[in-house]
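# Sharing a sequence plus its predicted fold:
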Amino acid sequence: MSRGNKSVVPEAREALNRFKMEAASEVGVNLKDGYNGDLTSKQAGSVGGQMVKKMIKSYEENMR
């Protein structure tokens with residue numbers, strides 16, 4: 001059963017978009033609002049990797 005692109009918590013979409021833009025800025029990738037299909041795999045991967053890195057850091061800090 002696939003939910004597709006529909007969020008369980010609609011308010012979370014904006015927060016996730018801000019988080020993604022922040023991560024992209026940190027690794028020097030220029031994201032635009034909306035479609036970003038012109039990014040290279042390396043650029044997209046670096047944004048995703050930065051997001052995961054920040055999530056892990058936040059989790060570890062909250063465990064203390």
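Received the coordinates, thanks.

# all helices of the chain, in order?
11-26, 41-63 (DSSP state H).

# Can you report how many residues lie near residue 23?
21 (other Cβ atoms under 10 Å). Backbone N, C-alpha and C define where each C-beta goes, glycine included.

# which regions of this protein sit below the pLDDT cut-off?
Applying pLDDT under 70 to the chain flags the ranges 1-7.

# residue nearest the centroid of it?
residue 20 (3.3 Å; Cα atoms, centre = their mean).

# Report the contact partners of it.
31, 47, 51 (Cβ atoms under 8 Å, 6 or more residues apart in numbering).

# do the same with residue 29
39, 43, 46, 47.

# what's the answer for residue 38, then?
By Cβ under 8 Å, 6+ apart, residue 38 lies in contact with nothing.

# re the thing from before, filter the contacts of residue 29 down to the buried ones, ChimeraX style.
Typed into ChimeraX, the line below selects the buried ones among the contacts of residue 29, using 16 or more other Cβ atoms under 10 Å:
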select :39,43,46,47
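
# Just send the contacts of residue 29 back as JSON lines, with distance to residue 25 too.
What follows is these, written out as JSON lines (distance: Cβ to Cβ, whole Å):
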{"residue": "39", "distance to residue 25": "14"}
{"residue": "43", "distance to residue 25": "12"}
{"residue": "46", "distance to residue 25": "12"}
{"residue": "47", "distance to residue 25": "9"}
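
# Tell me the one among the contacts of residue 29 nearest to residue 15.
The closest of those to residue 15 turns out to be residue 47 (Cβ to Cβ; 16.0 Å).

# hang on, the earlier thing: make a markdown table out of the helices of the chain and add distance to residue 35.
Putting the helices of the chain into a markdown table (distance: least, Cβ to Cβ, whole Å) gives the following:
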| stretch | distance to residue 35 |
| --- | --- |
| helix 11-26 | 13 |
| helix 41-63 | 13 |
